[in-house]
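Enquirer: Just a sequence and a predicted model for now, questions to come.
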Amino acid sequence: MPSLPPQRAAVLAFLRRELTAGRAPSLAEIAAAFSFSSRNAAQKHVQALIADGLLEAIPGQKRGLRLPGGSADLLPLPVLGRVAAGQPIGADIGLDQQLWLDRRLFSPAPDYLLKVEGDSMIDDGILDGDLVGVHRSPDARDGQIVVARIDGELTIKRLQYQQRRIRLLPRNPAYAPIVVEAGQDFAIEGVYCGLVRRG
């Protein structure tokens, strides 16, 4: 990496932070962030960083900047809380963190991640502490792993349609299935589409 003047290094750090978070700032926003008197000063820094190979320009896009190597295969995913692999637990409110992950880890592409608490899905390879990708969907097929909301609490289980009943099956013999009773507050929040296990 070339040695950069302090101000240009600060602009690069700002752009890396913004681009990693999925935002491509405009020249006006860069100028405002550094109290430059005009967009021209911001443009000179950006052009110099592109010339040094530290940024890439995307032709034909107004805010067409990206980090070298591109991030076409990276997906920004918010971690929105916890999901029980055991007894259902209350859903966390709000954004905990965001991770950029390779979209090829998942099928289909998830909308968010939830942290697993419990061991009821170990026979499906879903362990305590894993981050599971969830594709938002109010519907799922029989046999799919789903994140379901029961009486305001979230759980991850395998869905089973049995005649006119819905059962949520654990994948650990130590746990009993959850039978959804008529009139119970129940909704499928999404379909499981892969996981990330952090060491």
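Expert: Happy to help now that I have it.
Enquirer: all contacts plus neighbour counts: C-alpha atoms, from now on.
Expert: Fine.
Enquirer: so what are the domain limits for this structure?
Expert: 6-66, 74-196 (automatic domain parsing).
Enquirer: can you give me how far the last one is from the chain middle?
Expert: For domain 74-196, the distance from its own C-alpha centre to the chain's C-alpha centre is 14 Å (CA atoms, centre = their mean, to the nearest Å).
Enquirer: The shortest one too?
Expert: On the basis of CA atoms, centre = their mean, domain 6-66 sits 25 Å off its chain's mean C-alpha point.
Enquirer: Could you give the separation between the terminal residues of it?
Expert: Between the opening and closing residues of domain 6-66 there is a gap of 21 Å (CA to CA, to the nearest Å).
Enquirer: avg pLDDT for it?
Expert: Domain 6-66 shows a mean pLDDT of 85 in the predicted model.
Enquirer: Repeat that for the longest one.
Expert: For domain 74-196, the per-residue pLDDT values average out at 86.
Enquirer: what's near enough to touch the nearest residue to residue 19 once chain neighbours are set aside?
Expert: When the adjacent residues along the chain are set aside, residue 19 lies closest to residue 66, with 6.6 Å between them (CA to CA, 6 or more residues apart in numbering). By CA atoms under 8 Å, 6 or more residues apart in numbering, the contact list for residue 66 reads 19, 24, 55, 56, 57, 58.
Enquirer: let's see it at 10 Å
Expert: Listed by CA atoms under 10 Å, 6 or more residues apart in numbering, the contact set of residue 66 reads 15-16, 18-20, 22-24, 50, 54-58, 72.
Enquirer: Distance of it relative to residue 143?
Expert: 40 Å.
Enquirer: again with residue 123
Expert: Noted for residue 123: a distance of 14 Å to residue 143, by CA to CA.
Enquirer: mind checking which helix or strand residue 13 is in?
Expert: Using DSSP states H and E, residue 13 maps to helix 6-20.
Enquirer: Pull out the buried residues from the contacts of residue 66.
Expert: 15, 16, 19, 20, 24, 50, 54, 55, 56, 57 (16 or more other CA atoms under 10 Å).
Enquirer: so which of those comes closest to residue 103?
Expert: Ranking those by separation from residue 103, with CA to CA as the measure, puts residue 20 on top at 14.9 Å.
Enquirer: which SS class is the residue positioned nearest the centre of the chain?
Expert: Geometric centre of the chain, nearest residue: residue 77, 1.5 Å, by CA atoms, centre = their mean. Secondary structure for residue 77, judged by DSSP: H, G, I helix; E, B strand; the rest coil, is strand.
Enquirer: Which strand residues bridge it?
Expert: Beta-bridge partners of residue 77, counted by DSSP bridges, are residue 99.
Enquirer: ok, it to residue 112 distance?
Expert: Counting by CA to CA, the gap from residue 77 to residue 112 is 5 Å.
Enquirer: next one: residue 55
Expert: Residue 55 sits 28 Å away from residue 112, taking CA to CA as the criterion.
Enquirer: Could you do residue 101 as well?
Expert: Residue 101 sits 11 Å away from residue 112 when distances are taken as CA to CA.
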